[in-house]
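In: no FASTA, just this:
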């Protein structure tokens, strides 16, 4: 199961560090028009579901410690979604030097 999680994380990080993916992460959902926000949330739902499935399966097979699946999923995405923020901040700091 750790292998499955590792593959997911690598693919997700590649996606969110692309120009398009970083734009999705760095744009506040509240800044979007309601229809655009609904479409974005709808598009992200299968990705979230996949992570929940990985966590749930890992708990079931004993690879992961028992935990709240939704909270664990939010923690993983919360951590990963800071990567484009850090990259953007680092680039801004470099250009200021």
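Out: Received the coordinates, thanks. Being a predicted model, the structure only gives us computed values, none of them experimental. Numbers count the residues shown, from 1 in each chain.
In: need the contact list for residue 71.
Out: Under the criterion of Cβ atoms under 8 Å, 6 or more residues apart in numbering, residue 71 has no neighbours. Using the backbone N, CA and C atoms, a C-beta is placed for each residue, glycine as well.
In: 10 Å instead, please
Out: Contacts for residue 71 (Cβ atoms under 10 Å, 6 or more residues apart in numbering) come out as residue 55.
In: next: residue 56.
Out: Per Cβ under 10 Å, 6+ apart, neighbours of residue 56: 64, 69, 72-73.
In: in stretch 7-24, what counts as buried?
Out: Residues of stretch 7-24 classed as buried: 8, 12, 16, 21-22, 24 (neighbour count, 16 or more other Cβ atoms under 10 Å).
In: equivalent analysis for stretch 34-51, please.
Out: Buried residues in stretch 34-51 (16+ other Cβ under 10 Å): residue 51.
In: which of the buried residues of stretch 7-24 fall within helices?
Out: Among the buried residues of stretch 7-24, DSSP state H puts 8, 12, 16, 21-22, 24 in helices.
In: tell me how many other residues crowd residue 61.
Out: 9 (other Cβ atoms under 10 Å).
In: show me what contacts it?
Out: Residue 61 makes contact with residue 1, according to Cβ under 10 Å, 6+ apart.
In: quick check: it vs residue 47, distance?
Out: 22 Å (Cβ to Cβ, to the nearest Å).
In: about what we covered before: farthest-separated two in the ones in helices among the buried residues of stretch 7-24?
Out: Largest separation among those by Cβ to Cβ: 8 and 22, giving 18.4 Å.
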